[in-house]
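Student: Model the structure of this input:
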Amino acid sequence: MDQKATEYFARIVEQARAVLESVVITTEITPDRSILRLIAEYGRRRVVAKEILTVGERHYSYYVLRGPYVEAGFDNSPDPKAIRLKFGRIGADYEQKLVPHLHTENKQRLMLTDEINFSSFLEWLVKNVPNA
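Tutor: Numbering: from 1, shown residues only. Coordinates of the predicted model:
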């Protein structure tokens, strides 16, 4: 997995540097799990992203922050609110399910989304968030 992860992370870094400023990347790559953390600037906003690759799964979070305020945050964590929205209840059958969703209004609103990748996130960012 480490060669695939390295190549995948390299594409993310290239895409980030084309759109964002002051890009800082850290990675941790092992045979079982690979993690990329990214912090960058987009105008007056901060972009914080994380990708975790394991055998058979991809966890992600892509956040746009204005100071400490979460303007938008895409992730696929097993968030209890997202699980309830998708499955109608929270229970043992669903507690570890990865559910793609979007947080807005400082995480006060949550809506289900399709799974996205970093490239899709950057397209959304450029289209929906002023770079000022």
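
Student: what's the neighbour count on S34?
Tutor: S34 has 21 neighbouring residues, counting by other CB atoms under 10 Å. Where C-beta positions appear, they are placed from N, C-alpha and C, glycine not excepted.

Student: Give the buried residues for stretch 8-27.
Tutor: Y8, F9, I12, Q15, A16, V19, L20, V23, I25, T27 (16 or more other CB atoms under 10 Å).

Student: And the pLDDT for the fifth one?
Tutor: Translated: A16. The pLDDT attached to A16 in the predicted structure is 98.

Student: what's near enough to touch it?
Tutor: Neighbour list for A16: V23, I25, L38, A40, V47, A49, F118, L122 [criterion: CB atoms under 8 Å, 6 or more residues apart in numbering].

Student: in a helix, that's where it is, yeah?
Tutor: Yes. Using DSSP: H, G, I helix; E, B strand; the rest coil, the assignment for A16 is a helix.

Student: shift numbering so it begins at 41
Tutor: Fine by me, first position is 41 from now on; the one you just mentioned is A56.

Student: gap between it and I65?
Tutor: Distance, A56 to I65, by CB to CB, to the nearest Å: 8 Å.

Student: shared neighbours, the two?
Tutor: L78.

Student: Run through the strands of this structure in chain order.
Tutor: Secondary structure of the chain by DSSP state E: the strands cover 61-69, 73-82, 85-94, 97-106, 109-115, 141-144, 149-152.

Student: nearest to K126, of the ones you listed?
Tutor: Of all the strands of the chain, it is strand 149-152 that lies closest to K126, at 5.9 Å by CB to CB.

Student: what about A112, neighbour count?
Tutor: Once other CB under 10 Å is used to define contacts, A112 is seen to have 19 neighbours.

Student: For the protein, which residues score under the pLDDT cut-off?
Tutor: Low-confidence regions of the chain, defined by pLDDT under 70, span residues 41, 172.

Student: Any idea which residue is closest to the centre of it?
Tutor: The geometric centre of the chain, computed from its C-alpha atoms, lies nearest to S101 (CA atoms, centre = their mean), at 2.1 Å.

Student: Perfect, I'm done here.
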